[in-house]
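> Give the three-dimensional model of this entry:
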Amino acid sequence: MLSCFGLNGSKLRSESLNGCLKKRLQKTTTMKTMKTMKTQVVQQNTKLLTSNLQSHFFNKINQKIETKLSPFITINSIFSFQKQQKQQQFKRFYAVNSKKQIGYDLVDFPQERIRNFSIVAHVDAGKTTLSNRILEYTSTIPKQGSDELYLDKLQVEKERGITVKAQTASMFYKYENEVYLLNLIDTPGHVDFAYEVSRSLSACSGAILIVDGTQGIQAQTLANYYLSIENNLEIIPVINKIDLSSAQPQLFAEEIENVLGLASTDCLMISAKTGSGIEELFEAIVKRVPIPEGDSRKTFRGLLFDSWFDVHRGVVCVIKVVDGSLKKGDKITSIGTKKEFEVFDIGILHPEQISTGALYTGQVGWFVAGIRNVGEARIGDTFHLNSSVVTPLPGFKPLKSMVFASLYPGDGEKFEVFGDAIAKLTLNDASVTARKENNEALGVGFRCGFLGVLHMDVFLQRLEQEYSISVIPTVPSVPYKVLLNSGEEIEVQIPSLWPAIDKIKETHEPFVDAICVTPDKYLSEIFKLFEDRRGEQISINRIDDKRIVLNYKLPMSEVIFDFYDYLKQISSGYATLEYKESGFERSDLVKVDILLNGEIVEPLATITHKLKSVDHGKKVTKRLTELIPRHLYVIAIQAIIGNKVIARENIAAFRKDVTAKCYGGDVTRKRKLLEKQKEGKRRMKKIGNVEIPQDTFAKLLTRSEK
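Predicted coordinates for the structure are as follows:
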């Protein structure tokens with residue numbers, strides 16, 4: 001049957017076998033292909049894994065390299081990183097290209113488009129918060145989204161919640177198709193930092209006077225108002241905190257008109273917290289703040305009104321250009337020191353340090369000239385070009401120190417570092433005076449003058465935080481004047497220099513004129529406080545139907561310690577205080593000496609009023625019994641005025657029980673042993689010295705142990 005198709009059996013079997021072999025070959029080929037593909041996939045995965053491991057390894061190496069080389073990262077990359085993280089603190093010594101940062105050339109801003117103004121107010125009225133809103137409104141800083149205050153850069157300001165250092169910031173604002181250069185200076189509000197305010201106002205043409213919308217006019221409001229008038233500034237009254245339910249803006253606007261003489265219609269109602277009214281404030285700044293004075297055609301003349309020390313570039317000077325222009329590379333001279341310098345870098349604070357290459361008439365900015373000696377950059381000095389002769393600008397009236405204290409390093413071996421830190425910090429705070437002195441108990445230190453106790457506390461805190469130096473301060477005191485029988489008048493700041501009683505004709509102490517604003521319901525307690533502190537009432541006036549203004553004359557020594565704390569305590573925080581020096585007046589002062597076993601300990605001597613000398617002597621002698629360790633003999637502690645003892649305490653001696661070995665017998669045996677012990681202690685007292693640990697002086701003299 002198969003033959004009919006032309007096929008025979010052998011051929012069919014051959015073809016069937018070939019087909020099977022072909023299929024088998026195809027299957028083998030397919031398996032080899034799949035195996036090859038699998039091998040390729042494995043190789044690719046291996047390469048990818050190896051690449052990832054290498055990338056991870058090299059990333060780790062790069063991270064270590066970056067960590068090691070981080071101090072050498074470029075300045076621009078540092079600013080880029082800070083912007084990405086939205087950090088609030090900028091290193092003031094870094095400078096970047098101004099064209100990339102501000103987009104303007106300062107030569108394009110004539111005096112007609114420059115406004116220099118300051119913000120002044122009482123403590124906690126919202127000055128720095130308003131400064132934040134102004135910087136945000138002009139896009140000078142990004143919106144923070146928090147209550148952190150940008151211009152409070154010092155750690156002590158963040159911890160205490162107060163402004164202690166005036167800060168400058170330049171910004172650009174577009175109004176009616178014109179771009180204006182605005183220079184803002186945020187100032188402190190506490191009376192102890194009035195020197196910062198006075199220096200700041202010298203660089204301004206106008207002042208924004210903030211009044212708390214819940215408190216009205218306060219003591220420092222009046223002081224800042226009069227200070228602005230003395231500097232011939234245009235005052236823009238602003239009532240802040242109108243967003244609070246307790247705010248009474250219309251009432252306080254009338255109060256401003258009645259007390260300060262500023263029209264109530266000129267008062268701006270704002271909320272620095274929410275930003276309400278900020279646009280109207282900018283319009284008032286542009287329209288009402290005068291154009292800065294000066295002549296751009298004259299040679300350069302600038303006023304130095306602030307400075308700080310940079311470890312990399314030396315002293316950074318903040319100036320106002322009164323006449324002409326100052327450019328990078330110019331050779332300048334200080335009128336005060338006659339020193340010549342070359343300007344290495346110059347720019348504005350925006351609010352971080354920005355290089356611009358030049359400053360022009362009416363502008364406020366900074367320059368670096370390689371000044372390493374802090375004494376060569378005096379606040380109030382005038383700078384000019386070497387090739388010109390100019391008339392010095394009026395400097396600042398030096399404020400007289402009101403409070404004095406001696407500062408000693410906690411580690412005597414670091415005195416040179418301590419002295420260098422004092423010099424650099426007094427450059428940044430020119431109101432502090434310092435001179436070297438030597439104390440028998442505490443060693444070598446500095447006698448420093450401050451404007452108040454808060455000023456002193458902040459200075460000490462900055463020393464510890466910014467320079468890592470532990471400080472031993474003595475009790476704050478005031479200077480006294482003594483008229484001798486010979487007719488000579490001397491000033492005494494240290495009790496050890498107080499003359500003998502028989503040489504003194506009369507004594508004088510400094511007084512202050514104090515202004516206290518308080519609700520009338522606290523009057524009785526406040527009257528009592530002033531009387532206890534030897535105050536003399538000058539006048540009493542009513543601001544409105546609820547608040548009173550008191551004018552008193554007080555001894556400065558009664559104000560510098562805890563007067564302000566007591567005032568806040570008895571008035572539930574509503575009373576405010578401001579004071580200024582009124583000169584020296586006659587007072588009955590005495591020197592209280594401390595004796596240990598009949599020997600005068602000079603470092604423990606103090607000067608006080610005669611009426612309070614006995615109480616003071618009792619407190620000191622009582623405190624010493626707790627601080628001086630016991631000896632093998634009795635220690636007599638006495639407080640004396642001249643030869644009169646006004647207080648006494650005893651420190652009991654250690655007593656060994658010499659009769660312990662007696663188990664009976666006649667009583668005369670015990671008496672004999674006790675008499676022998678008594679005689680031995682009597683001889684020991686004649687030849688022995690009372691050892692006083694050094695920390696005893698520190699604990700007794702430190703204000704915290706007062």
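> next one: phi and psi at the residue nearest the centre of the chain?
What sits nearest the mean C-alpha location of the chain, by Cα atoms, centre = their mean, is Val164, with 4.6 Å. In terms of degrees, to the nearest 10, the main-chain angles of Val164 are phi -120, psi -10.
> I figured it was touching Pro188, is that so?
Yes: between Val164 and Pro188 there is a contact under Cβ atoms under 8 Å: 5.6 Å. For the C-beta atoms, the positions are set from N, CA and C on the backbone; glycine is no exception.
> What does the pLDDT read for the residue nearest to the centre of the chain?
On the pLDDT scale, Val164 is placed at 79.
> For it, which non-adjacent residue is closest in space?
In this structure, Val164 finds its nearest non-sequential neighbour in Val458, 5.1 Å apart by Cβ to Cβ, 6 or more residues apart in numbering.
> ok, the one you found - contacts?
Neighbour list for Val458: Val156, Arg160, Val164, Asp192 [criterion: Cβ atoms under 8 Å, 6 or more residues apart in numbering].
> secondary structure element for it?
Val458 is part of helix 453-467, with elements assigned from DSSP states H and E.
> That helix: how far from the chain's middle?
7 Å (Cα atoms, centre = their mean, to the nearest Å).
> The following helix or strand past that helix packs against which elements?
As assigned by DSSP H and E, the chain's next helix or strand after helix 453-467 is strand 471-473. Here strand 471-473 touches strand 403-409, helix 453-467, helix 694-701, going by 3 or more Cβ pairs under 8 Å, 6 or more residues apart in numbering; DSSP states H and E.
> Buried deepest among those, which one?
strand 403-409 (a mean of 23; mean count of other Cβ atoms under 10 Å).
> Quick check: what element follows that one along the chain?
Following strand 403-409 in sequence order, the next helix or strand is helix 415-428 (DSSP H and E).
> Please work out the angle formed by the directions of that following helix and strand 403-409.
If you take axes from the mean of the first three to the mean of the last three Cα atoms, to 10 degrees, helix 415-428 sits at 140 degrees to strand 403-409.
> which other helices and strands contact helix 415-428?
strand 301-310, strand 403-409, strand 433-439, strand 443-450, helix 453-467.
> was I right about Ile371 contacting Phe309?
No: assessed by Cβ under 8 Å, Ile371 is found out of contact with Phe309, at 9.2 Å.
> so what sits against both of the two?
Val315.
> Looking at those two, which has the bigger crowd around it?
Ile371 (22 against 19; other Cβ atoms under 10 Å).
> quick one: the nearest residue to the more buried one once chain neighbours are set aside and Leu262, what's the gap?
Nearest residue to Ile371, sequence neighbours excluded (Cβ to Cβ, 6+ apart): Val315, at 4.0 Å. Val315 is 39 Å from Leu262, where distance means Cβ to Cβ, to the nearest Å.
> if you count what's nearby, which of these two comes out ahead?
Val315 (24 against 17).
> Now do the SS call for the more buried one.
Three-state assignment for Val315 (DSSP: H, G, I helix; E, B strand; the rest coil): strand.
> Now do the contacts for the closest residue to Val364 other than its chain neighbours.
Nearest non-adjacent residue to Val364, counting by Cβ to Cβ, 6+ apart: Asn183, 4.3 Å away. Contacts of Asn183 were listed using Cβ under 8 Å, 6+ apart, and they are Ile114, Arg115, Asn116, Phe117, Thr168, Ala169, Ser170, Ala203, Cys204, Gln363, Val364.
> ok, these vs Gly347, which is closest?
Ser170 (9.3 Å; Cβ to Cβ).
> which element is the closest one on?
strand 167-175.
> And the pLDDT at Arg126?
One thing to correct before we go on: residue 126 is Gly, not Arg. So Gly126 comes in at 87 (pLDDT).
> now do Gly145
54.
> Buried residues in stretch 232-250, which are they?
Buried positions in stretch 232-250, judged by neighbour count with 16 or more other Cβ atoms under 10 Å: 233-242, 247-249.
> nope, stretch 171-189 is what I meant
Buried residues in stretch 171-189, counting neighbours by 16+ other Cβ under 10 Å, are found at 171-173, 180-189.
> Show me the shaky parts of the stretch 401-550 of the chain.
411-413, 440-441 (pLDDT under 70).
> same question, the chain
By pLDDT under 70, the weakly predicted segments of the chain are 1-102, 144-150, 397-399, 411-413, 440-441, 655-661, 663-665, 667, 677-706.
> hey, which strand is longest across it?
strand 504-519 (DSSP state E).
> Please state the offset of it from the chain centre?
Taking Cα atoms, centre = their mean, the mean C-alpha location of strand 504-519 is offset from the chain mean by 27 Å.
> do the same with stretch 239-247
Its chain's C-alpha centre and that of stretch 239-247 lie 28 Å apart, by Cα atoms, centre = their mean.
> Noted, bye for now.
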